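>>> Provided below for reference: sequence and predicted model.
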Amino acid sequence: KNEVEQSPQNLTAQEGEFITINCSYSVGISALHWLQQHPGGGIVSLFMLSSGKKKHGRLIATINIQEKHSSLHITASHPRDSAVYICAVAQETSGSRLTFGEGTQLTVNP
Amino acid sequence: GAGVSQSPSNKVTEKGKDVELRCDPISGHTALYWYRQSLGQGLEFLIYFQGNSAPDKSGLPSDRFSAERTGGSVSTLTIQRTQQEDSAVYLCASSRFLSSGNTIYFGEGSWLTVV
């Protein structure tokens, strides 16, 4: 079992839909990151969370430390949101490295 | 510079040759990471540098891989006697301190193809 699991692996939505991507982890963490990987391979950090909730534009990220679960929400989705979304955790025992989920391929159709 | 800079962007090399990949982190970032992503695979940790501390090399897949960071800034990842399974995109990232507490910034990656 992977230490970081994401669901779904693939997600197709229509423009305007509300999207949720989930991340569950099985280890103690000091922080959780949500990353966005564009088709060309470039990676952008969206959020870094250690508790609660953060919002940036149409993106919202939440984390529940007790349940070891985080969600990334996209409101009013747009085709330009199409990308791979990756959850990564910084483990308490190895703060220097990130452990990555397999990623969620999101496709938003016009 | 404004972001993490990596070079070369693309490299095609013959099996058995050595390659060097370069990373310029964001100015002032003391933490630097190397990851790689093989085609269709997730991201894989390779090595981590933090200031003047000994690097965490626990992710390097074999002794053909090495990395150094000179002057606490630029880093070079060297792959000796390249093999076809080394083909991947090699991503460098930096952050102010440990990634556990700070946003991590990724470069665009160096795409390595071993033929």
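Yep, that arrived. Numbering: from 1, shown residues only, chains lettered A, B, ... in the order given.
>>> Run the chain-centre distance for the helix or strand bottoming out on mean pLDDT in chain A.
Of all helical and strand segments in chain A, the minimum by mean pLDDT, DSSP states H and E falls on strand A:98-100, at a mean of 87. Strand A:98-100 has its average C-alpha position 12 Å from the chain's average C-alpha position, going by C-alpha atoms, centre = their mean, to the nearest Å.
>>> That strand - which strands sit beside it in the sheet, and in what orientation?
In the sheet containing strand A:98-100, the strands it pairs with under DSSP bridges are strand A:83-91 (antiparallel).
>>> Any chance you could list what contacts the partner strand?
Residues external to strand A:83-91 that are found in contact with it (C-beta atoms under 8 Å, 6 or more residues apart in numbering or on different chains): A:3-4, A:6, A:21, A:23, A:25, A:27-39, A:43, A:46, A:70, A:72, A:97-101, A:103-106, B:42-43, B:98-100. From N, CA and C alone the C-beta is placed, and that goes for glycine too.
>>> So which bits of stretch A:14-25 are buried?
Taking 16 or more other C-beta atoms under 10 Å in any protein chain shown as the basis for neighbour counts, the residues of stretch A:14-25 that come out buried are A:19, A:21, A:23-25.
>>> Take those and lay them out in CSV including distance to chain B, secondary structure and pLDDT.
Formatted as CSV, the entries for these read as follows, by distance: C-beta to the nearest C-beta, whole Å; DSSP: H, G, I helix; E, B strand; the rest coil; pLDDT from 0 to 100:
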residue, distance to chain B, secondary structure, pLDDT
A:Ile19, 21, strand, 97
A:Ile21, 15, strand, 98
A:Cys23, 13, strand, 98
A:Ser24, 15, strand, 97
A:Tyr25, 14, strand, 95
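>>> possible to save these as a markdown table with distance to B:Ser94?
Supplementary listing: these in a markdown table, determined by distance: C-beta to C-beta, whole Å:
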| residue | distance to B:Ser94 |
| --- | --- |
| A:Ile19 | 30 |
| A:Ile21 | 26 |
| A:Cys23 | 23 |
| A:Ser24 | 28 |
| A:Tyr25 | 24 |
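>>> Now for those residues: which two are most distant?
Spatially, the most separated pair among those is A:Ile19 and A:Tyr25, at 20.4 Å (C-beta to C-beta).
>>> and residue 11, what element?
Assuming you mean chain A. Assignment of secondary structure by DSSP states H and E places A:Leu11 within strand A:10-14.
>>> wrong one, chain B
Element membership for B:Lys11 (DSSP H and E) is strand B:10-13.
>>> OK, contacts around B:Tyr90?
The neighbours of B:Tyr90, taking C-beta under 8 Å, 6+ apart as the test, are B:6, B:21, B:34-36, B:46, B:77, B:109-110, B:112.
>>> Could you check the pLDDT of A:Gly41?
A:Gly41 carries a pLDDT value of 69.
>>> One more: B:Tyr35?
94.
>>> and it, which of the three is it?
Assigned by DSSP: H, G, I helix; E, B strand; the rest coil, the conformation of B:Tyr35 is strand.
>>> Return the residues in contact with it.
Remark: with contacts taken as C-beta under 8 Å, 6+ apart, B:Tyr35 is in contact with B:43-46, B:90-93.
>>> Tell me where chain A has helices.
For chain A, no helices turn up when DSSP state H is the criterion.
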